[in-house]
Every structure is written in structure tokens, then in C-alpha cells.
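Undergrad: Just the structure for this:
(2 chains)
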Amino acid sequence: MLILQQTTKGHASESSGRQPTFSWRQVIKDCLYFVAIAILLGGLLNYSLLRNAFNGTLIPKIQQNQLVNLRSKAKQFYGISVIELVSAKQLYDEKSAIFVDARTAQEYEIGHISGAISVPDREFLMGEIDPGKILPNKDAVLITYCDGGECELALDVANGLSDRGYNNVFVLVEGYPGWEAAGYPVDK
Amino acid sequence: MKFLNNDYTHLTLRLLIGAIFVYSAVPHILNSMGLASSIYNYRLFPSPIIGLSAAFIPWITLLSGLALILGVKVRAASLIISASLVIFISLAVISMIRGLDIDCGCFIGIVRKANWLAVSEDLLLLLGSLYTFFFDRTRISLVLLIKKLVLHNKNYEGALL
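TA: So this is what the prediction gives:
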């Protein structure tokens, strides 16, 4: 009977061109039911994730996973060599590598590896930047980097440079955040 | 206004938005660490917020999406989806302003950058969910159909007796 009544009410409101009225209290109550069920199911199935989140081990785990993924992507899809943070620092100290910042000019301005040159991914891929002018030596050791995490701009730029005949291109998957967090020199 | 007051317009949008949210939620539920990683990329939230969001948001969106598809508690589901979309849009805009080139994390396995295209699509979805909220015309739904069939059978049995 209830359904029939609801249907009748609905048709009445349709003929009058008005929407059926509703109670905000009821809607909020229903929303809270959804949230309660989600908390119950999500809490039960993600206990370890929540435990990691609250004891501070989640972010290091995420960073670790992202580095592993980016390393395998660099090798599998781009065929680009990855360089370890410590090795990159060694080359930096020996002044035997050029660091290439693949992030936007805006991000580069905010902060970059000391002495790095800016080759924003988008402008580079659009052909607006001629690498021959800023990087004349095709045998120089080039280390591209971007924002770490899942950032693939450095992979794109490294790939583009390899295609243009640069022979020693590496990717620093830890990116600028990893370099900065290690306390290595930056320009701000 | 006739178009807005049409049962089939409501049904189409309900099914479309519901399906998109279910499609988005299921992989996130199966890979909550992947979602945590996407949330971390926004570089806005501390560890507990990342964990709580990755654990609960996919379930809330799954339940809301299913509710829209089945035609149950449509207003509540639309309200939750609208609120989620407002959060997603805000996050995408903040990321663009900060110059971050990141995946929005909307769908696992599908690259969808947090850019103006994603914001426009989310705005369209937001309009749709607001429509299903304010113009709730749930007269065509699986649940109502089942209820009607049950009622019809009961009446039929009653008439026979």
C-alpha cells in the first residue's frame, strides 16, 4: 500500500510541475548510514593500512613502492638507465654530470638541484626547446629528474634526449624531493 | 523544464553516474595502497588522513554508486557523490595552481591527469548528481520493480483466496 501511495503522490506532483518535497533530516540520516557501513567495511578490510597510517609507516611504504614502480617503468617502457641518489651525488661532487630539471619553469623557480638546467617536459616535447643549444655535448652525462613519486616527466625528457642522440642519459627517480630530503645542495 | 522533469532523463543520469562511481570504486577497494599513493601525490595530507581516505572513500563511493543504480536512497547517494566531486574538483584545481603534474587517482590503471579536462568532466558529473538530488524522480528502479512484483503477487494470491 505504501508504495502505491508514494507512486500516487509522485504523479500528483508531476502533474502540478513540482518536485516531491523531502526532508533534509532524512537525507542526512541516510548519508550517515552510508558512512557507517563504509567505515565498518573499510575498517575491517584495511586494518593494516590504517595501522600503518597511524604509526607513521604508511608514507615511507608509499615512497618505496613508487620508487620501485618508477624504476621498473624506466627500464621496461623507456629503456632508460636509473641512477641511485648516492651515485648522482657523487657525479655532482665530481662536476661530471649535468642535471636536467624536467618540471615546469614555475616549479624550477621555486627550487631545484643546484646548477641544474630547466628543460620543462611540455615545452621540450612540443619542440619549443632545442636541446642542441643548451646541451651541445652529446656524450655528456645527463641526469634528468622531476618530482619523484609517480612523476614521469623525467622519463619523458630522458627518452626524448636519448632519441636525439644523447648517449649517457640517466633518470634520478627520487627526484627533487628525494635530493632535497637527503640534504644535498639546492638553489631556491 | 519538461526535459528535467522526465523520468528517463533521471534514470539515465542515475545509471551513468552510478556506473562511473562503481567502476572507479572497485579497483580502489582492491588496491587501497594504490589509492593511498595517489592521495599522497597531492602532497597536501598527513599520513592518518591518507590512510583514512584510502580505506573509506572507495566504500562510500561504491555504496553511493550502487544506491544510484538500484534507485535506493537516491538523494543521500547524490548528496555524497556531489560532496565527493566538490572535493575532487578542489584538489585538482589546487594541484594545478601549485603546478603539480600528477594523476588525479580517479581510476586505477587509467591515466587521468589532474588538469582542466578532469575538472570539466567532474563539473559535468557534479551537475548530473545535483540534478539527481534536486529532481529526484525515482519511479523506475530495480528495487521498486521487485516491490511492485511482490505486491502484485500478494494481491493476486489474495484475489484467488
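
Undergrad: Quick check: the residue nearest to the spatial centre of chain B vs A:Asn168, distance?
TA: Residue closest to the average C-alpha location in chain B (Cα atoms, centre = their mean): B:Phe21, at 3.9 Å. Note on B:Phe21: its distance to A:Asn168, by Cβ to Cβ, to the nearest Å, is 47 Å. Glycine gets a C-beta too; all of them are placed from N, C-alpha and C.

Undergrad: B:Leu52 now?
TA: 45 Å.

Undergrad: neighbour count winner among those two?
TA: More crowded of B:Leu52 and A:Asn168, by other Cβ atoms under 10 Å in any protein chain shown: B:Leu52, with 21 against 16.

Undergrad: Touching, the more buried one and A:Ala53? I think so.
TA: Yes - using Cβ atoms under 8 Å, B:Leu52 is in contact with A:Ala53, at 6.9 Å.

Undergrad: Which residue ranges of the chain form helices?
TA: Answering for chain A, as no chain was given. A:2-16, A:24-45, A:47-55, A:58-73, A:85-93, A:105-110, A:121-125, A:131-134, A:153-163, A:175-181 (DSSP state H).

Undergrad: nope, chain B please
TA: B:7-30, B:32-41, B:47-70, B:74-97, B:116-134, B:142-160.

Undergrad: Identify each buried residue in the first one, please.
TA: What it means is helix B:7-30. Neighbour-count burial for helix B:7-30, counted by 16 or more other Cβ atoms under 10 Å in any protein chain shown, picks out B:9-11, B:13-14, B:17-18, B:20-22, B:24-25, B:27-29.

Undergrad: Equivalent analysis for the last one, please.
TA: Neighbour-count burial for helix B:142-160 flags B:Leu144 (criterion: 16+ other Cβ under 10 Å).

Undergrad: low pLDDT regions in chain B?
TA: B:1, B:3, B:138, B:158-161 (pLDDT under 70).

Undergrad: Provide a list of residues in contact with the residue positioned nearest the centre of chain A.
TA: Geometric centre of chain A, nearest residue: A:Glu150, 3.8 Å, by Cα atoms, centre = their mean. Contact analysis of A:Glu150 by Cβ atoms under 8 Å, 6 or more residues apart in numbering or on different chains lists A:Gln66, A:Asn69, A:Leu70, B:Ser37, B:Ser38, B:Asn41, B:Ile102, B:Asp103.

Undergrad: Dump those to JSON lines, plus distance to A:Val186.
TA: JSON lines is the format used below for these (distance: Cβ to Cβ, whole Å):
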{"residue": "A:Gln66", "distance to A:Val186": "21"}
{"residue": "A:Asn69", "distance to A:Val186": "25"}
{"residue": "A:Leu70", "distance to A:Val186": "21"}
{"residue": "B:Ser37", "distance to A:Val186": "25"}
{"residue": "B:Ser38", "distance to A:Val186": "26"}
{"residue": "B:Asn41", "distance to A:Val186": "21"}
{"residue": "B:Ile102", "distance to A:Val186": "21"}
{"residue": "B:Asp103", "distance to A:Val186": "26"}
